[in-house]
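Asks: take a look and give me a structure for this.
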Amino acid sequence: MEKNDLSSAYRRLKSPSIKTRNRAKKIIQEYKKICRIRFWNRRESENQ
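Replies: Coordinates of the predicted model:
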């Protein structure tokens, strides 16, 4: 079973396999999306 954490995903970006790189990009993109949502939610709660 493969790891789906951020550090493993960045390591997998170096892989010669296209499928592996695409899976890694997907994990990183999902992580950044979650971080963006948390950032905006925190910012909105501070403004209220």
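Asks: pull out the buried positions in the longest helix seen in the chain.
Replies: In the chain, ranked by residue count with DSSP state H as the criterion, the top helix is helix 18-47. When neighbours are counted by 16 or more other C-beta atoms under 10 Å, the buried residues of helix 18-47 are found to be 23, 24, 27. To be clear about C-beta, it is placed using only N, CA and C from the backbone, and glycine gets the same treatment.
Asks: quick check, nearest of these to residue 15?
Replies: For these, the minimum distance to residue 15 (C-beta to C-beta) is 7.4 Å, reached by residue 24.
Asks: kindly provide the distance from the closest residue in space to the closest one that isn't next to it in sequence to residue 36.
Replies: Distances taken as C-beta to C-beta, 6 or more residues apart in numbering put residue 12 closest to residue 24, at 3.8 Å, once the chain neighbours are dropped. With the distance defined as C-beta to C-beta, to the nearest Å, residue 12 ends up 22 Å from residue 36.
Asks: with residue 29 instead?
Replies: According to C-beta to C-beta, residue 29 and residue 36 sit 11 Å apart.
Asks: for the longest helix of the chain, packing partners?
Replies: Contact partners of helix 18-47 among helices and strands, from 3 or more C-beta pairs under 8 Å, 6 or more residues apart in numbering; DSSP states H and E: helix 6-12.
Asks: and the helix it packs on, how far out from the chain middle?
Replies: 9 Å (C-alpha atoms, centre = their mean, to the nearest Å).
Asks: please apply the same query to stretch 11-18.
Replies: Distance, stretch centre to chain centre, for stretch 11-18: 15 Å (C-alpha atoms, centre = their mean).
Asks: does residue 24 touch residue 14 like I think?
Replies: No: taking C-beta atoms under 8 Å as the contact criterion, residue 24 and residue 14 are not neighbours in contact, 9.0 Å apart.
Asks: report the contact partners of residue 24.
Replies: With C-beta atoms under 8 Å, 6 or more residues apart in numbering as the criterion, the residues that contact residue 24 are 8, 9, 10, 11, 12, 13, 15.
Asks: nearest to residue 40 among these?
Replies: When the contacts of residue 24 are compared for distance to residue 40, the smallest value, 22.8 Å, is given by residue 9; criterion: C-beta to C-beta.
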